[in-house]
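>>> Fold the following and give me the result.
(chains A, B, C and D)
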Number of protein chains: 4
Amino acid sequence: MIWFNSDYSEGAHPEVLQKLMETNLVQTPGYGEDVYCMQAAKLIQKACGTEGVDVHFLVGGTQTNTTVIAAALRPYQGVIAAASGHINVHESGAIEATGHKVISLPGKDGKLTARQIADYVDWQANDESVEHIVQPKMVYISNPTELGTLYSKEELTEISRVCRQREVWLYLDGARLGYGLACRENDLTLPDLAQLCDVFYIGGTKVGALFGEAVVIGAEELKKDFRYHMKQRGGRLAKGRLLGLQFGVLFEDDLYFKISKHAAVLAEQIKDAFVEMGLNRFIDSPTNQQFAVLPDSVCKKLREKFEYEYWQRMDETHSAVRFCTSWATREEDVKALIEELKRLLAEEERG
Amino acid sequence: MIWFNSDYSEGAHPEVLQKLMETNLVQTPGYGEDVYCMQAAKLIQKACGTEGVDVHFLVGGTQTNTTVIAAALRPYQGVIAAASGHINVHESGAIEATGHKVISLPGKDGKLTARQIADYVDWQANDESVEHIVQPKMVYISNPTELGTLYSKEELTEISRVCRQREVWLYLDGARLGYGLACRENDLTLPDLAQLCDVFYIGGTKVGALFGEAVVIGAEELKKDFRYHMKQRGGRLAKGRLLGLQFGVLFEDDLYFKISKHAAVLAEQIKDAFVEMGLNRFIDSPTNQQFAVLPDSVCKKLREKFEYEYWQRMDETHSAVRFCTSWATREEDVKALIEELKRLLAEEERG
Amino acid sequence: MIWFNSDYSEGAHPEVLQKLMETNLVQTPGYGEDVYCMQAAKLIQKACGTEGVDVHFLVGGTQTNTTVIAAALRPYQGVIAAASGHINVHESGAIEATGHKVISLPGKDGKLTARQIADYVDWQANDESVEHIVQPKMVYISNPTELGTLYSKEELTEISRVCRQREVWLYLDGARLGYGLACRENDLTLPDLAQLCDVFYIGGTKVGALFGEAVVIGAEELKKDFRYHMKQRGGRLAKGRLLGLQFGVLFEDDLYFKISKHAAVLAEQIKDAFVEMGLNRFIDSPTNQQFAVLPDSVCKKLREKFEYEYWQRMDETHSAVRFCTSWATREEDVKALIEELKRLLAEEERG
Amino acid sequence: MIWFNSDYSEGAHPEVLQKLMETNLVQTPGYGEDVYCMQAAKLIQKACGTEGVDVHFLVGGTQTNTTVIAAALRPYQGVIAAASGHINVHESGAIEATGHKVISLPGKDGKLTARQIADYVDWQANDESVEHIVQPKMVYISNPTELGTLYSKEELTEISRVCRQREVWLYLDGARLGYGLACRENDLTLPDLAQLCDVFYIGGTKVGALFGEAVVIGAEELKKDFRYHMKQRGGRLAKGRLLGLQFGVLFEDDLYFKISKHAAVLAEQIKDAFVEMGLNRFIDSPTNQQFAVLPDSVCKKLREKFEYEYWQRMDETHSAVRFCTSWATREEDVKALIEELKRLLAEEERG
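Numbers count the residues shown, from 1 in each chain, chains lettered A, B, ... in the order given. Just a heads-up that it's a prediction; the model follows:
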């Protein structure tokens, strides 16, 4: 069985593991106050083109979203997200558990527009019952989104502008950031993100690390006392060095970008094959998540050899499914997947 | 200036105030453990046709919704509501502040359907990532809704059925319940509600009391330790007797229903006039909230004498506005409103 | 049966009720945005000797404490209170329900000292694990305390000083403030409180109103968006005018102080009688709560005619009990209580 | 510099790392639903002597405490802990952030007694204002405690008995459990814990793992929907297999117990040396945390070569400090520490 269902099916990039082996018996202070975390933070600042950002390391995505959002908001404030946003659907109410409303707006292909955001914020601010309505004080976007789509530099710039005009924080969830930055269509860079967002995170779990997300905070007001928040939300790893070590490897010599590129290239092979096969792709994703609408019979047979993520029913006989590539995906597996799909679809056509 | 903007512009029905005067210096225990609360609870049980319900008195609607919902749910559970539901838009995130997601579904005229509820609950229960999605464990409906519409007995029976099949609590917000029960179109009774809902509340604030809402709990599991929840949410009034005294007056000799009928009759006069004037009514409400779409110029002039609630912009020159009647509305004021509107519309037509 | 168990056994001062009657059918906007609330706020500002304070009206004490504290703190911050403080023992965890730790320090007669506060705040700030310890950011004191004791002007000044040095908010719970200000030993005034505290509340529920507490906010940072917090915590009364009307009456012509004085004088009569009878007074309270240690047999017989608050067991045959006076207490009832106690104690002595 | 300040200064036991290397590119499902987690859970069930317990894996201690406690309590319920308990002092208010009061009772050497617990629970249950006081519904104890002390089987049995009589959950924090079970004085076993506690956790972070804690749930009521709680509190690791793999190694062939024994033996060497040197040991700990009261001058000089944990000031010239051993401590380092201490103390004596 070959797994394409997610981008977290394996352990870590071998260089990451190697580093953990080499440093295993070195003694360091705990809770991220070690030299490895400091070095990794500096590497990330460098990659972001500024020393004006704080960098903190957390273990996973839900924890990161919870900590960042709860740290930024006052009790009566909420966070705007696309209806398909991870915090709105797939975190078991973690944000609400900290007391905050996720204000969901209908997304287009998983994305929000600057106009939507401006309209919503202005509507609340000008309503007669303004104090009876949750105040939108943060915008959460994912890039790539949960549907694999990307924000362009122009789109993000415009979102940033409407947020700053209205004193609303802009937070970007980069669980799959590497796979976004590495794809052909992308025109954003880490320095762009550091400049346009108030806070964002660089995902490690899905991009080469055993686990770990690096939070990058640009806004002064959000920097204050962030470690208290991390501790309170269960997010200060005792052996914090493990996070520093991993991100140190990933951001030394651009490993993070190289392995992301690997996944992006393989995703493009899948995408090109889908186009060639004439498949309805459900959504046109430029990143490591590729979607296709398949006959249910093909889905079923495919699962004898390949694992994918079931996405949703399309009609009585077809379903949308997702295939992910990652730093660990092997080119021969991609080829095998494509061949098997072609074979099954041909078989299907013949009836 | 005559106010039609809301149904809480005055104090209390004179009989209610009279009772407070008469009993003012009587000494009682605090926190709702007095004889007046006991008597009022019995009267409400009687009106509900069963002694199998617990009755508790709280001060206001947001407090009541917060207390009931937080008492019923475990941390990972949420409450389904129509997007226009009061808890979703007008309580400053009070429900989320207790840690729970308000799962908003698109309403039709402010109402949810049994089908919508069933589909959503079944979707979550059957999703592969079930434990990553907030578990819907309560349905919140308002009756009348925030748009003045009503659930029929058939609709409520069907909602109750799908909820019970799925072990989901059904909670009905009756902030304006009297005005619903008293209107022509209504076919529901208090005993119906007591049977079909797991918990509901009978609104006093908008129906004759200075303040106060009576929570009626039918489901055994929800009865346990409810007073702890009330205290924790700031909802045990020290002089709890004030609530018992007011509901005692309202439910003695059907005063609650009589004064609701008064408001309903006047609302029908307004509605009939709107129809006669050929106004677009924005929504067809059978209860004490009446909506109309008016030219902005008429809105402006009307406000010289009459206060209404601005609802929303309809087009560049028209807006939807709301007029409320209540137990306190005077028939002559309704007549004056209708006349003024006719005059202004005629004036407008003449240009 | 005559009730001395609490100071909230009756309704409201007759002048308060009279005002509610007179204004009953006047129409006003809701949620405290009416002229009566504005007038009452002005009267309270005047009584506080400054227009630099914001005044908001809430319904009850637990709601007020919850709203003020949750509005002032960030998630990782806590509030210091005496172990006997109301928020620490008698609010069913309302403060914790908003996410904040009540940091309890041992009180002396229900009071905290400036030294205790300074030591605790300094200890946390200087601990190596500072970010692992809840940051104390507010001090909560009650005046009079839950044991009837009072802070002197010197004590409060010193507490205020250590708080301001350390950027810790000082919040004073004045549920029984009138009874403190009116007693012989008191040397504090409302202007003192407005100057020394960052926020405090003037209790109405126990001092002449049907219900209601007036929050007075001096610190600029705490003023921002307070009404959002009120709404979120269920504390914006729809007919907010009821609060404005009541406080308007209480602060017109010093009624609040006059009726407090009445209770203080009667409390002193009880206290003098206890001293005369040679009773152990459990705690030496100068305010409207008077404590005495009585033989259990006397307790039991006393309850045939008088209700008191059982406080705690002292030894196998004695208990501490509490008697409260209030604006509503009748002098003849105090005399009757004293006589009955004398009679029972004499009877007891004779065996 | 040699570090004795904590038991989490290094990475993982080499066998644990080896396993991570070997399995690195194996593909598995995420979120702990893989075969390694299943196997590890079975091994732990076996070590606990029962299949009647559920086993879940979380990343760290604060996260584990938060998740277990929030999953067990209703909003108005609290958890009893010794004042020195980790949840009361060193988790930045993580428990309160989920809405629950930590009810701190004075501990004796970091421990609670069955009597204390019974008295407190009975006091609350019988108070007249019972519903105004947080209901104690869980007891939290650490074993070993934060001061290195241990509960005996007799003590734990008695605590378990009083808890069950009163329907109060018993939860044991085993962050350092291995070091407790392995020490000379201990008479408790894992099967004892599984029988006496409703839920406990076996610490991995401090005992051989890179990170990870294994929650063992015995009480049926606490098992339900635990994974929802884990997700909501940010505690479902995407690559959950990492936890299963580590605990699998630790509980295969008793590695967990062997490496704990190693730390225990070295701790005893330190303890014996302290006794021999005639040092005041601050507290008499039988486990891997050893305390000593040292002259400040010795503390200062010692820090040139050895890191320890500063505990607290004892008098003007002495401080209590803590030394920890762990699975990773080298015997030669212990010897070096003892020699250096002897040398410094002798030097100090000579003046």
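
>>> Correct me if wrong: residue A:156 contacts residue A:187.
No. Applying C-beta atoms under 8 Å, one finds residue A:156 not in contact with residue A:187, separated by 9.6 Å. The way it works is simple: take the backbone N, C-alpha and C, and place the C-beta from them, glycine included.

>>> Compare those two (neighbour count), which wins?
Counting neighbours by other C-beta atoms under 10 Å in any protein chain shown for residue A:156 and for residue A:187 shows that residue A:156 has the greater number, 23 against 11.

>>> Find me the pLDDT at that one, would you?
As summarised for this prediction, residue A:156 has a pLDDT of 98.

>>> Where does it fall, secondary structure wise?
Element membership for residue A:156, per DSSP states H and E: helix A:153-165.

>>> Other residues contacting that helix?
With contacts defined as C-beta atoms under 8 Å, 6 or more residues apart in numbering or on different chains, helix A:153-165 is touched by A:111-115, A:117-118, A:121, A:139, A:141, A:143, A:151, A:168-170, A:187-188, A:192-193, A:196-198.

>>> and those, which are buried?
Those of the contacts of helix A:153-165 that meet the buried threshold are A:111-114, A:117-118, A:121, A:139, A:141, A:143, A:151, A:168-170, A:188, A:192-193, A:196-198, by 16 or more other C-beta atoms under 10 Å in any protein chain shown.

>>> List the ones among these that fall in strands.
A:139, A:141, A:169, A:170 (DSSP state E).

>>> export the residues you listed to CSV and tack on distance to chain D and pLDDT?
Shown next, in CSV, are those (distance: C-beta to the nearest C-beta, whole Å; pLDDT from 0 to 100):
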residue, distance to chain D, pLDDT
A:139, 21, 98
A:141, 20, 98
A:169, 20, 98
A:170, 22, 98
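
>>> Pick out the most distant pair among those.
When those are compared pair by pair using C-beta to C-beta, the farthest-apart members prove to be A:141 and A:169, with a separation of 11.5 Å.

>>> anything in contact with each of the two?
Where contact means C-beta under 8 Å, 6+ apart, no residue is in contact with each of residue A:141 and residue A:169.

>>> ok, back up a step: show me the contacts of helix A:153-165 that map onto helices.
A:114, A:115, A:117, A:118, A:121, A:192, A:193, A:196 (DSSP state H).

>>> so what's the first one closest to, chain neighbours aside?
So the one you mean is residue A:114. Using C-beta to C-beta, 6 or more residues apart in numbering or on different chains and skipping residues adjacent in sequence, the residue nearest residue A:114 is residue A:158, 4.0 Å away.

>>> Counting neighbours, what do you get for the one you found?
Around residue A:158 there are 18 residues (other C-beta under 10 Å).

>>> And residue A:304, by the same measure?
9.

>>> got a list of what the residue of the stretch 251-351 of chain A found nearest chain D touches?
Closest to chain D within the stretch 251-351 of chain A is residue A:328: 6.6 Å, counting by C-beta to the nearest C-beta. Shown in contact with residue A:328 (C-beta under 8 Å, 6+ apart): A:9, A:10, A:13, D:25.

>>> how about stretch A:126-138, does it reach chain C?
Yes. Judged by C-beta under 8 Å from any C-beta of the partner chain, stretch A:126-138 comes into contact with chain C at A:131, A:132, A:135.

>>> And for the last one, the neighbour number?
Counted with other C-beta under 10 Å, the neighbours of residue A:135 add up to 21.

>>> List the beta-bridge partners for it.
residue A:77 (DSSP bridges).

>>> That one and residue A:217, how far apart?
With distances defined as C-beta to C-beta, to the nearest Å, the gap from residue A:135 to residue A:217 amounts to 21 Å.

>>> Repeat that for the second one.
The span separating residue A:132 from residue A:217 equals 31 Å under the rule C-beta to C-beta.

>>> how about the residues of the stretch 201-350 of chain A that lie near chain C?
Contact residues (C-beta under 8 Å from any C-beta) of the stretch 201-350 of chain A with chain C: A:225, A:227, A:228, A:229, A:231, A:232, A:236.

>>> In the stretch 51-200 of chain A, what residue lies closest to chain C?
Going by C-beta to the nearest C-beta, chain C is nearest to residue A:76 of the stretch 51-200 of chain A, at 3.8 Å.

>>> just the stretch 201-350 of chain A next, same as before
Across the stretch 201-350 of chain A, the shortest distance to chain C (C-beta to the nearest C-beta) belongs to residue A:228, at 3.8 Å.

>>> continuing past the one helix or strand that residue maps to, what's the next helix or strand?
Here residue A:228 sits within helix A:226-232, counting by DSSP H and E. Stepping forward along the backbone from helix A:226-232, the first helix or strand reached (DSSP H and E) is helix A:241-251.

>>> Can you list the buried residues in stretch A:37-56?
A:37, A:39-41, A:43-45, A:47-48, A:53-56.

>>> Need these in JSON lines (columns: distance to chain D and pLDDT).
Output for the buried residues of stretch A:37-56, formatted as JSON lines (distance: C-beta to the nearest C-beta, whole Å; pLDDT from 0 to 100):
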{"residue": "A:37", "distance to chain D": "14", "pLDDT": "98"}
{"residue": "A:39", "distance to chain D": "17", "pLDDT": "98"}
{"residue": "A:40", "distance to chain D": "16", "pLDDT": "98"}
{"residue": "A:41", "distance to chain D": "20", "pLDDT": "98"}
{"residue": "A:43", "distance to chain D": "21", "pLDDT": "98"}
{"residue": "A:44", "distance to chain D": "21", "pLDDT": "98"}
{"residue": "A:45", "distance to chain D": "25", "pLDDT": "98"}
{"residue": "A:47", "distance to chain D": "23", "pLDDT": "98"}
{"residue": "A:48", "distance to chain D": "24", "pLDDT": "98"}
{"residue": "A:53", "distance to chain D": "23", "pLDDT": "98"}
{"residue": "A:54", "distance to chain D": "18", "pLDDT": "98"}
{"residue": "A:55", "distance to chain D": "19", "pLDDT": "98"}
{"residue": "A:56", "distance to chain D": "14", "pLDDT": "98"}
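
>>> With distance to residue A:315 added, can I get those residues in JSON lines?
What follows is the buried residues of stretch A:37-56, written out as JSON lines (distance: C-beta to C-beta, whole Å):
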{"residue": "A:37", "distance to residue A:315": "51"}
{"residue": "A:39", "distance to residue A:315": "53"}
{"residue": "A:40", "distance to residue A:315": "48"}
{"residue": "A:41", "distance to residue A:315": "50"}
{"residue": "A:43", "distance to residue A:315": "49"}
{"residue": "A:44", "distance to residue A:315": "46"}
{"residue": "A:45", "distance to residue A:315": "50"}
{"residue": "A:47", "distance to residue A:315": "45"}
{"residue": "A:48", "distance to residue A:315": "45"}
{"residue": "A:53", "distance to residue A:315": "47"}
{"residue": "A:54", "distance to residue A:315": "49"}
{"residue": "A:55", "distance to residue A:315": "47"}
{"residue": "A:56", "distance to residue A:315": "46"}
